[in-house]
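Chemist: I would like the atomic coordinates for the input below:
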Amino acid sequence: MKHRISEFAVGLLFGIGLILSGMTDPGKVIGFLDLSGAWDPSLALVMGGAIVVGVFAFALAKKRTTTFLGGALQLPTSNDIDKRLLAGSLIFGAGWGLAGFCPGPAIVSLGSGQPKAAVFVLAMLVGMALFEWSERRMQGVGAQTKTKARTLPAVRQVNSAFSVAGQLTADDIPAVVAQGFAALINNRPDGEGGSAQALNSDIEQAALAAGLHYVYLPVIAGAITPAQALAMREALAIAPAPVLAFCRSGARSTQLYKLAEEAS
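Modeler: Below you'll find the predicted structure:
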């Protein structure tokens with residue numbers, strides 16, 4: 001319950017901050033983004049203040065292993081600058097400039113009954129759904145046409161003995177073996193991603209058939225317990241290296257590994 005109360009309090013504070021700063025006013029936002037017109041620089045101070053707070057907050061967070069309430073920290077694990085990031089940034093900027101809304105302020109404005117905010121949020125949800133559909137379709141086509149050249153999703157090496165990856169399927173197991181991994185740990189609960197998520201039983205069957213050491217240790221993002229960290233530590237102690245752990249994106253497995261190193 002305390003986690004839910006803290007989430008509500010932080011969300012309330014964030015929403016109030018957006019309203020007071022003018023971030024929920026499309027006219028003010030467009031005035032800030034329109035450098036060729038009567039430029040309104042006031043939002044630059046808002047963003048500058050947020051950056052200063054963020055720098056100190058992240059510096060403090062990196063020194064901790066858990067949140068103030070004892071939950072697992074969910075810090076960014078990727079610093080990659082790729083085509084997807086650049087394209088997404090351009091699309092985001094264009095939409096922000098045209099509508100005067102970005103996701104957070106739009107949802108806050110939705111609570112005030114602004115029709116423009118309702119249209120924006122609806123369009124945003126449709127866009128998210130189309131993206132998910134197109135991603136799954138492209139992955140399906142890729143699986144059919146490039147089965148032999150299948151690559152693992154976003155593998156990141158934490159150290160020479162441990163790496164993390166995004167969601168895997170049974171079809172990824174040959175690539176796991178080809179990359180030299182000896183053990184596989186699944187940290188994502190079954191059903192978390194809906195019907196599109198691969199079942200643990202299917203992945204486990206394929207992994208064992210390929211001669212991999214396999215462990216199923218599902219954890220919930222933001223709610224990793226000390227017992228789960230200790231279980232991960234024990235699993236790593238007996239697993240042959242190198243080990244590949246996976247979840248939705250790899251972030252949860254990375255955090256669990258860090259907590260496991262500190263568990264006693």
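Chemist: could I get the pLDDT score of the residue sitting furthest away from the middle of the chain?
Modeler: In the chain, the greatest distance from the average C-alpha position (C-alpha atoms, centre = their mean) is reached by Ala38, at 37.6 Å. Note on Ala38: pLDDT of 78.
Chemist: mind listing what the residue nearest to it when sequence neighbours are not counted touches?
Modeler: What sits nearest to Ala38 in space, not counting adjacent residues and going by C-beta to C-beta, 6 or more residues apart in numbering, is Gly31, at 6.7 Å. The C-beta positions use only the backbone N, C-alpha and C, and glycine is treated the same way. By C-beta atoms under 8 Å, 6 or more residues apart in numbering, the contact set of Gly31 is Gly37, Ala38, Trp39, Asp40.
Chemist: could you do Gly54 as well?
Modeler: Gly54 touches nothing, counting by C-beta under 8 Å, 6+ apart.
Chemist: can you tell me the helix or strand for it?
Modeler: Assigned by DSSP states H and E, Gly54 belongs to helix 42-61.
Chemist: would you mark the buried spots in the helix or strand just after that helix?
Modeler: Later in the chain than helix 42-61, the nearest helix or strand by DSSP H and E is helix 83-99. Neighbour-count burial for helix 83-99, with 16 or more other C-beta atoms under 10 Å as criterion, is recorded at Gly95, Trp96, Ala99.
Chemist: what's the neighbour count on Asp172?
Modeler: 24 (other C-beta atoms under 10 Å).
Chemist: repeat that for Phe120.
Modeler: With other C-beta under 10 Å as criterion, Phe120 counts 23.
Chemist: does it count as helix, strand or coil?
Modeler: At Phe120 the chain is in helix, as set by DSSP: H, G, I helix; E, B strand; the rest coil.
Chemist: how near is it to Ala9?
Modeler: Phe120 is 26 Å from Ala9, where distance means C-beta to C-beta, to the nearest Å.
Chemist: confirm Val10 sits in a strand?
Modeler: No: going by three-state DSSP, the assignment for Val10 is helix, not a strand.
Chemist: re earlier: please tell me how far the residue farthest from the centre of the chain sits from Gln255.
Modeler: From Ala38 to Gln255 the distance is 46 Å (C-beta to C-beta).
Chemist: kindly report the same for Gln179.
Modeler: On the measure of C-beta to C-beta, Gln179 and Gln255 end up 23 Å apart.
Chemist: these two: who's more crowded?
Modeler: Higher neighbour count among Gln179 and Gln255: Gln255, with 25 against 14, using other C-beta under 10 Å.
Chemist: so Ser253 sits against Leu168, correct?
Modeler: No: using C-beta atoms under 8 Å, Ser253 is not in contact with Leu168; the gap is 11.1 Å.
Chemist: in terms of neighbours, single out the busier of the two.
Modeler: Ser253 (30 against 23).
Chemist: what kind of secondary structure is Ala154 in?
Modeler: Going by three-state DSSP, the secondary structure assigned to Ala154 is coil.
Chemist: which pLDDT does the model give the residue nearest to it when sequence neighbours are not counted?
Modeler: In this structure, Ala154 finds its nearest non-sequential neighbour in Gly166, 4.8 Å apart by C-beta to C-beta, 6+ apart. On the pLDDT scale, Gly166 is placed at 90.
Chemist: ok, Gly166 - contacts?
Modeler: Pro153, Ala154, Phe246, Cys247, Arg248, Ser249, Gly250.
Chemist: that concludes my questions; thank you for your assistance.
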